[in-house]
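Enquirer: Got a sequence here, can you build the structure:
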Amino acid sequence: MLISTKGRYALRIMIDLAEHQTGEFISLRGIAQRQEISEKYLESIIRMLVKNRVVDSLRGKGGGYRLNKTPDQYTVGSILQLTEESLAPVSCLEKDAEPCPRSGRCRTLPLWQGLEKVIHDYLQSVTIADLMEQGTAGDDYVI
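Expert: Model (predicted):
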C-alpha cells in the first residue's frame, strides 16, 4: 500500500480548510499558496471532494470552498477512500480482485487480513481535528 500524492494533498486541503474556517468560502488560490501545491493539481482534487459532498463550493466573487462538517467529523480513512484505488496491503485483498485459488490453503492470508483491519481501524480513528492538533512539523524542538 502506498498513499498517492492525491491522497496526501486531499488531507492537506482538508486541514487547510479546517484551520482557516470562518464560515466564509476559501479560495483555491489561497490554499495552493499556503500548501505550496499547484493550483491546477488541487482543482482536480477539490472537484472530487465537492462531487463526494465532503466540501461545499461557491462560484464567483467571494466564492471558494469550505467544510460542510466540523473537522472532528471527517476521518482520514474516509478521505483516503475517496482518493485511493485501494488501501489493501496485498493485491488479493483489493476490492475487485480475482479470487485467489490458494486462499483456502494460504498460510499468510490471515496475516494480510489482520494488517488490513489494523490499517482501516487506525485510519478511521484519526480525524482532521486530530491532525490539526498535532501542530506544525518541526515545531517540537526544545532546548
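Enquirer: What ranges does this protein have for its strands?
Expert: 55-58, 64-67 (DSSP state E).
Enquirer: Restricting to C-alpha, output the longest helix along the chain in PDB.
Expert: Looking across the chain with DSSP state H, the single longest helix is helix 109-125. Below are the C-alpha coordinates for helix 109-125, written out as PDB (Å, rounded to 0.1, in the frame of the first residue of the first chain):
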ATOM      1  CA  LEU A 109      -3.800 -14.700   4.300                       C
ATOM      2  CA  PRO A 110      -4.800 -14.200   7.900                       C
ATOM      3  CA  LEU A 111      -1.800 -12.000   8.400                       C
ATOM      4  CA  TRP A 112      -2.700  -9.700   5.500                       C
ATOM      5  CA  GLN A 113      -6.400  -9.600   6.600                       C
ATOM      6  CA  GLY A 114      -5.300  -8.600  10.100                       C
ATOM      7  CA  LEU A 115      -3.000  -5.900   8.700                       C
ATOM      8  CA  GLU A 116      -5.800  -4.600   6.500                       C
ATOM      9  CA  LYS A 117      -8.100  -4.400   9.600                       C
ATOM     10  CA  VAL A 118      -5.400  -2.600  11.600                       C
ATOM     11  CA  ILE A 119      -4.900  -0.100   8.800                       C
ATOM     12  CA  HIS A 120      -8.600   0.500   8.300                       C
ATOM     13  CA  ASP A 121      -9.300   0.900  12.000                       C
ATOM     14  CA  TYR A 122      -6.400   3.200  12.500                       C
ATOM     15  CA  LEU A 123      -7.300   5.500   9.600                       C
ATOM     16  CA  GLN A 124     -10.900   5.600  10.700                       C
ATOM     17  CA  SER A 125      -9.800   6.600  14.200                       C
END
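Enquirer: contacts for it?
Expert: Residues outside helix 109-125 that contact it (Cβ atoms under 8 Å, 6 or more residues apart in numbering) are 1, 75-78, 80, 87-90, 92-93, 103. C-beta: built from backbone N, CA, C; applies to glycine.
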